[in-house]
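Trainee: Give me a 3D structure for the following:
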Amino acid sequence: MRTDLRMIDALDEEIRALELYLTRHAKIDDPQTYHLLKTIPGRSDRFWRLILLYEIHRIDRFPEVGNFASYASAGAVRNTKAPAR
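Mentor: Predicted coordinates:
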């Protein structure tokens, strides 16, 4: 059990170092988008913002919301312009 706890501590430290490295580069690579992602309410997880920043890269490459939802495996997106049934 002690070995497992030491391994967890070591991995936590590696994750913190990686997160710091990516955050520093994100602020240089795309500071505007990085700071916009920080404004999303309810999401205080920096790693989540970094994933969005580097995974999506440019949101304008998705012509419609459905294209992005499909790419992000977000499931079906309802067309809000369609009449209600």
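
Trainee: how near is Asp4 to Glu13?
Mentor: Distance, Asp4 to Glu13, by C-beta to C-beta, to the nearest Å: 15 Å. C-beta coordinates here come from the backbone N, C-alpha and C atoms, glycine included.

Trainee: same thing with Arg58?
Mentor: As judged by C-beta to C-beta, Arg58 and Glu13 stand 33 Å apart.

Trainee: got it, and Arg2?
Mentor: The gap separating Arg2 from Glu13 is 17 Å, by C-beta to C-beta.

Trainee: These two: which is more packed in?
Mentor: Under the criterion of other C-beta atoms under 10 Å, the comparison of Arg2 against Glu13 puts Glu13 first, with 10 against 6.

Trainee: Relative to Leu53, how far out is the more buried one?
Mentor: Distance from Glu13 to Leu53, counting by C-beta to C-beta: 23 Å.

Trainee: any low-confidence regions in the chain?
Mentor: Along the chain, the model assigns pLDDT under 70 to residues 42-44, 73-85.

Trainee: which residue ranges form the helices in it?
Mentor: Taking DSSP state H as the criterion, the chain carries its helices at 2-29, 31-37, 46-56, 65-71.

Trainee: which strands and helices sit next to the second one?
Mentor: Counting contacts by 3 or more C-beta pairs under 8 Å, 6 or more residues apart in numbering; DSSP states H and E, helix 31-37 packs against helix 46-56.
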